[in-house]
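Chemist: quick check, what structure comes out for this input:
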Amino acid sequence: NRVRFLLQLNDGRMAVFTEGTLNLYDGSSFKYIHLENNHIYPLPGYQKFLMAYKDDNYIWFKTSGWLALVDIKHECCVKNISDIFSSMGIDENVSDFFIDKEFNYWIKTVSDRLFLKKHGVAKAELVLNNVSGIGTVKEELYNLAKIGNKLYLIYRMGLVACYDIKTGRHIFSVNTLTKE
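Modeler: Below you'll find the model as predicted:
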């Protein structure tokens with residue numbers, strides 16, 4: 001198996017992601033967590049490389065078309081990811097998922113809405129509608145960043161759009177791949 005992603009957990013263990021397996025290394029031995037079909041949540045909005053996020057309780061990882069979740073404390077896969085999204089108030093299928101540096105969850109739904117579930121808060125709140133569109137242009141959301149009260153959406157074709165998180169107001173957009 002090839003290593004696809006490395007992540008250090010807060011307790012010092014290393015999470016080593018390979019094809020279909022998460023390996024937790026504690027400094028002396030490995031614990032293997034195998035993914036099975038009932039551990040996978042379809043993620044149609046993400047068709048890229050393996051990406052992993054950690055928070056206090058979980059490792060979330062996504063790769064081309066799916067999302068999986070590992071309970072760090074119990075060292076096992078979580079089977080009902082849709083139930084976790086439902087408990088956050090997300091009542092539709094999720095198409096992409098992100099965690100920012102403050103451990104907030106950002107959830108993009110199939111209806112192109114972006115929700116924020118703040119760290120330590122049970123329910124998600126709607127931040128933006130039509131997150132894939134800037135005016136008449138449709139872009140694939142590639143990543144995002146939260147800095148203060150501003151949300152930066154980074155799109156596959158080089159567009160970066162900045163929004164005020166509290167109001168949802170579009171502040172500016174810039175194409176990072178052009179000289180304009």
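Chemist: so in the protein, where's the weakest helix or strand by average pLDDT?
Modeler: strand 133-134 (a mean of 70; mean pLDDT, DSSP states H and E).
Chemist: now do the contacts for the closest residue to Lys166 other than its chain neighbours.
Modeler: Take Lys166 and drop its neighbours on the chain: the residue closest to it by C-beta to C-beta, 6 or more residues apart in numbering is Asn149, 6.0 Å away. Every C-beta, even on glycine, is put in place using the N, C-alpha and C of the backbone. Counting by C-beta atoms under 8 Å, 6 or more residues apart in numbering, Asn149 touches 164-166.
Chemist: buried only: go through these for me.
Modeler: Using 16 or more other C-beta atoms under 10 Å as the burial test, the contacts of Asn149 include Ile165 as buried.
Chemist: now, among the contacts of Asn149, which is nearest to Lys62?
Modeler: Ile165 (22.7 Å; C-beta to C-beta).
Chemist: let me see the contact set for the closest one.
Modeler: 116, 127, 146, 149-151.
Chemist: possible to save the residues you listed as TSV with distance to Leu9, pLDDT and secondary structure?
Modeler: Shown next, in TSV, are the contacts of Ile165 (distance: C-beta to C-beta, whole Å; pLDDT from 0 to 100; DSSP: H, G, I helix; E, B strand; the rest coil):
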residue	distance to Leu9	pLDDT	secondary structure
Leu116	24	97	strand
Val127	28	96	strand
Lys146	22	96	strand
Asn149	30	95	coil
Lys150	29	97	strand
Leu151	27	97	strand
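Chemist: could you work out the most separated pair of those residues?
Modeler: Taking C-beta to C-beta, no two of the contacts of Ile165 sit farther apart than Leu116 and Lys150, at 12.7 Å.
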